[in-house]
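A.B. asks: Requesting a structural model of the entry that follows:
(chains A, B and C)
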Amino acid sequence: MAHESQALRQPLTSPRLRRWIVSVVLAAICCVWIYPLLWMVSASFKSNAMIFANEGLIPSQPTVENYVKAWDQANIGAYFFNTLFVTVGSVIIVTIASAMMGYVLGRRRFPGRALIFGLIIFTLFVPQGYTIIPVFDLLTRLGIGQSLWGVMLATSGGSFVIFVLLFAGYFSQMPNELEEAAKMDGVGFVKTFWYVMLPLSKPIVVTVVVMQTLYAWNDFLLPLVITLANPAIRTLSVGVYAFRGENFVDWGGMTAASTITIVPVVILFLFLQRYFIDGLAGAVKG
Amino acid sequence: MTGVSLKNVKKTYGATPVIHGVDIEIDKGEFVVFVGPSGCGKSTLLRMIAGLEEISSGDVFIGDRRVNDVDPSNRGVAMVFQTYALYPHMTVDQNMGFGLRMNGMPKAEVAQRVMQAAKILQIEELLDRKPRQLSGGQRQRVAIGRAIVRNPQVFLFDEPLSNLDAELRVATRLEIAKLHQQLAGSTMIYVTHDQVEAMTLANKIVVLRKGRVEQIGPPMELYDNPANMFVAGFIGSPRMNLITTGKGDGAGRAFPDGSALTLGGEAAGRAATLGVRADQITLVAPGAGAFDGRVSVVERLGDSEFVYVETGWGQELVVRVEGGTNTPVGHAVGLSLTGRTHFFDAEGQALSGVAVSAV
Amino acid sequence: MADIASPVPHTGATTRHPISLGARLWKSRIEYLFLVPGMLVFGAFILYPIVASQYFSLLQWSGFDANQTFIGLANYAELLGDKFFWDAFGRSFLFTVSTVPLQMLVSLVFAIILNNKLLKLSSLFRTLIFLPVVTPVAVIGIVMTIMLSPFNGPINMGLLDLKLLARPLDFLGDPKLVLWTLAGIYVWKWVGVTMVYWLAALQTVPAELYEAARLDGVKNWQMTLFVVLPMIMPFAIVIALISAISALNVFPLIQSMTQGGPFFATEVMEVYIFRNAFATAGAIPRLGYASAAGVFFGVAIMGLTILQILAVRHLRNRETANGA
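C.D. replies: Down below sits the predicted model:
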């Protein structure tokens, strides 16, 4: 094919120029994309009067009165610590339980393994609204239907199956030689797991921690059912929701409460997003 | 008319230079091999010729045309990738014709070119199969076929044999050599780290190390007259024996164990390294050769044997002998330098005009 | 636990005697031990609820007291005639069918654009697009309610200023608009997740393939259309499935924004269940009835999912048979 006629095509700056244009357009889209969140943060630093004055994103008279009000008077502070409790607790439970379960499911043969696998995969297809009533009933019968412990335990159920599968998949890919070397060294099953296999699965551990933290912190339906009637133990999500019912026009207070709610997870996400994203990617491949 | 020409080509990644001013002339129709250890820049050079890497400075000419800023698809080149890069969801037929079809060539012409290439490579029966149904060698031929249909001036091969197992590698190597004869007039540039492939396939070899050209020449030229120690050690298997000799005074010279050696010519009065290939040493009775040693390991390959001899100064040299000689391990032997020897100065450059006579 | 039954070879026979089930269980006792914590969580909060729901659906029960009357399938019978139930059912599917394709398309476009490593700041963009995903639903609920407000809400203000609207739109109060508004917000929130899935799928296309195409003079859009898209199609099915299941889980968003209103215009199935179970409208809660609705819905979904999988497999078999 004779190409000589098309001697000198456009210089290589053309693809680069195209890329710049795409970057700019994408930047514009992203600004619009997160505008609601930007607006929220900006509104939280304005007094209610200024919010209605429609002056744009940067507050002319920034104030933290909304935050103070929300934290103390509206109990957001208490909610914050409630949420922290539930989140940390469920993360610990979930990580340990799913790691242990994923380990045996992924690497060991035993009677009933296939049955358990089938069972947990089956439950992936069940929507959550379906299960809330029995969970609530179970917690009530166990006596923790009105306590944070109940919330914490139930929140552990959220993405549990996915975590087990993540661990199982990761563990199943590890070379056998590690266990065999440990066996030759006379190290028992539990110690092998704790000192050898678990540390090696750190990427998955971090992923699970991040995902469960996000899930627990942002969980809405379950805490709503359990704590709506009980303001003392509400979590942030529920608190923010209730805030609206009680103080509808206090936009400043509401946005401040919302910002408090999202700041921890956004920070967590920014620093650890790689693990979260890798976890999602791994789940979809499996 | 030249095929491909590189003039003072340089490449930097950020602040790090990886190619330091390379000049290469390739004639039309030549089979040129870029060879060198990993990291030497051979693949980078190939990709710069292809247009997949930017040229930091210097010029690349294909034919008489400067192609630095020309789009890869307009340079008149075609490339065979190390992993073949076949489109997994298309048949062999579609794979080979994809580029042509996308550029608007009429279906009939595409089909004709594909069939032509398939005949040359003998893959007509595979045209309706998908890559996952093919063996490694077959996939490789499809990759070559995709290059052929473009009727390029220059074929670029990026380590095409490294994904094949040893047996298949030899067979495919022959096929590539035959292909070059069949497509007479096509220039082929081939990159590999395997010096055997370089020796067997090339009209001209370019030896590269750390972004610089060490030597360019026909295979036997590099074998017989390596320009420096690196090329001497790289080309040829087994590796050339390299012995450092002391400075000595005048023409007298000593091997590290004291055995004497006389060198004349350029080597006089300079530190030098003596190089001698395994097949240029003869085993004689102890004391009858230039120096002595003891047999440490013998590798028997059938038609030949490689005898590893540990010298008095602790260096292990390799000597090639006829198969069936059965030199016993532990045997004391003498080594006689009866054949071709090479000398290199302190910087590793070859010295010429050196005569050697052993005592 | 059963004692280990030692297999004693009978005289003359060389056949292996299988270890008894009891012995095998005992041998694996440490594995079972490891399963205990996980199975507790799983059993209590995942498996039990599913089973219990079935049971509850057969009861008439208010949830406040222990007064549970077994009424068999009466709940189901009532469901079949309940207009609200079927409306909610339809809305759930309408919602899914409209959001899933939109979500997949938008995220695919983003993923293709961001897959180009040379694009500066691509990881920044990826993070920004993902930000709504990590934002709590309750917060989104509040913020969007304020922003979409027909009185002084920034979005209406902006559209009025740009002269795109003559009068403010009541995005959340107008029964005709509200479901679509929520669908839009839903897509906005979750596009980041599907985008990540697509990015993972795109990474299975090796870089050398792009280079080979470039050498052949294949243009970018041709490469995307004829090579990349066909190669990631298998993933598309999985992603669609996951997205569809999530779309049926949209309860938190709807509950926090409209509670199913106005006038039930956004009452999808889970909101319906919630309303019946926890009596947010002031009526007597009916846990049994709500459970029946949940079971019915869940079974319908599973049935459809299985149908979908079977259909896909059937299509794929036909495709390979044709050698296409």
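A.B. asks: going forward, measure contacts and count neighbours with C-alpha atoms only.
C.D. replies: OK.
A.B. asks: in the stretch 201-324 of chain C, what residue is nearest chain A?
C.D. replies: Taking CA to the nearest CA as the measure, the stretch 201-324 of chain C has C:Gly294 as its residue closest to chain A, at 4.9 Å.
A.B. asks: all helices for the stretch 101-250 of chain B, in order.
C.D. replies: B:107-121, B:136-148, B:166-182, B:195-201, B:219-224, B:229-234 (DSSP state H, counting those that start in this stretch).
A.B. asks: could you point out which element follows the helix or strand harbouring A:Gly150?
C.D. replies: Assessed by DSSP states H and E, A:Gly150 sits inside helix A:148-155. Counting by DSSP H and E, the next helix or strand C-terminal to helix A:148-155 is helix A:160-172.
A.B. asks: was I right about C:Phe34 contacting A:Gly102?
C.D. replies: No. Taking contacts as CA atoms under 8 Å, C:Phe34 lies outside contact range of A:Gly102: 9.2 Å.
A.B. asks: pretty sure B:Asp279 is in contact with B:Leu317, am I right?
C.D. replies: No. Assessed by CA under 8 Å, B:Asp279 is found out of contact with B:Leu317, at 11.5 Å.
A.B. asks: quick one, which of those two is more surrounded?
C.D. replies: B:Leu317 (24 against 18; other CA atoms under 10 Å in any protein chain shown).
A.B. asks: Checking my notes, the more buried one in a strand, right?
C.D. replies: Yes. Per DSSP: H, G, I helix; E, B strand; the rest coil, B:Leu317 lies within a strand segment.
A.B. asks: and it, how far is that from chain A?
C.D. replies: 39 Å (CA to the nearest CA, to the nearest Å).
A.B. asks: and that residue, what are its bridge partners?
C.D. replies: B:Val309 (DSSP bridges).
A.B. asks: Could you check which helix or strand contains the residue of the stretch 201-324 of chain C closest to chain A?
C.D. replies: If you go by DSSP H and E, C:Gly294 is part of helix C:287-322.
A.B. asks: close to chain B, is that helix?
C.D. replies: No. Helix C:287-322 is not in contact with chain B by CA under 8 Å from any CA of the partner chain; minimum separation 11.3 Å.
A.B. asks: Name the residues of that helix that come out as buried.
C.D. replies: Of the residues in helix C:287-322, C:287-298, C:301-302, C:305 count as buried by neighbour count, 16 or more other CA atoms under 10 Å in any protein chain shown.
A.B. asks: Which residues are in contact with residue 48?
C.D. replies: Using chain A. A:Asn48 makes contacts with A:Asp250, A:Trp251, A:Gly252, as judged by CA atoms under 8 Å, 6 or more residues apart in numbering or on different chains.
A.B. asks: ah, no, chain B please
C.D. replies: Taking CA under 8 Å, 6+ apart as the test, what B:Met48 contacts is B:Glu54, B:Ile55.
A.B. asks: what's the following helix or strand after the strand or helix carrying it?
C.D. replies: Element membership for B:Met48 (DSSP H and E) is helix B:42-50. Downstream of helix B:42-50, the first helix or strand assigned by DSSP H and E is strand B:57-62.
A.B. asks: Buried residues in that next one, which are they?
C.D. replies: Buried-residue list, strand B:57-62, by 16+ other CA under 10 Å: B:Ser57, B:Asp59, B:Val60, B:Phe61, B:Ile62.
A.B. asks: Go ahead and confirm the last one touches B:Asn74.
C.D. replies: No. Shown here, B:Ile62 and B:Asn74 do not form a contact pair, counting by CA under 8 Å, at 10.8 Å.
A.B. asks: More neighbours: which of C:Phe34 and A:Gly102?
C.D. replies: Taking neighbours as other CA under 10 Å, C:Phe34 and A:Gly102 compare with A:Gly102 leading, 26 against 21.
A.B. asks: Please report the distance of the more buried one from chain B.
C.D. replies: 33 Å.
A.B. asks: If I look at that residue, what pLDDT would I see?
C.D. replies: A:Gly102 is assigned a predicted lDDT (pLDDT) of 85.
A.B. asks: Report all helices and strands that the host helix or strand of it contacts.
C.D. replies: For A:Gly102, the host element (DSSP H and E) is helix A:76-107. Secondary-structure packing of helix A:76-107 (3 or more CA pairs under 8 Å, 6 or more residues apart in numbering or on different chains; DSSP states H and E): helix A:65-72, helix A:148-155, helix A:160-172, helix A:202-218, helix A:236-246, helix C:29-42.
A.B. asks: Show me the domain layout of chain A.
C.D. replies: A:19-63, A:75-285 (automatic domain parsing).
A.B. asks: among these, which is the most enclosed?
C.D. replies: domain A:75-285 (a mean of 19; mean count of other CA atoms under 10 Å in any protein chain shown).
A.B. asks: Are we agreed that A:Met174 is in a strand?
C.D. replies: No. Per three-state DSSP, A:Met174 lies outside any strand segment and is coil.
A.B. asks: pLDDT value on it, please?
C.D. replies: 77.
A.B. asks: what do you get for A:Leu8?
C.D. replies: Confidence for A:Leu8, expressed as pLDDT, is 34.
A.B. asks: Same check on C:Ala281?
C.D. replies: Value for C:Ala281, per-residue pLDDT: 53.
A.B. asks: C:Thr96 too?
C.D. replies: Taking C:Thr96 on its own, its pLDDT is 84.
A.B. asks: and it, what is it in contact with?
C.D. replies: C:Ala244, C:Ala247, C:Leu248.
A.B. asks: Just the buried subset of those residues, please.
C.D. replies: Here, 16+ other CA under 10 Å leaves C:Ala244, C:Ala247, C:Leu248 buried among the contacts of C:Thr96.
A.B. asks: near chain A, which of those residues show up?
C.D. replies: C:Leu248.
A.B. asks: In JSON lines: the buried ones among the contacts of C:Thr96, plus secondary structure.
C.D. replies: Shown next, in JSON lines, are the buried ones among the contacts of C:Thr96 (three-state DSSP):
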{"residue": "C:Ala244", "secondary structure": "helix"}
{"residue": "C:Ala247", "secondary structure": "helix"}
{"residue": "C:Leu248", "secondary structure": "coil"}
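A.B. asks: Looking at the buried ones among the contacts of C:Thr96, spot the one nearest chain B.
C.D. replies: C:Ala244 (27.0 Å).
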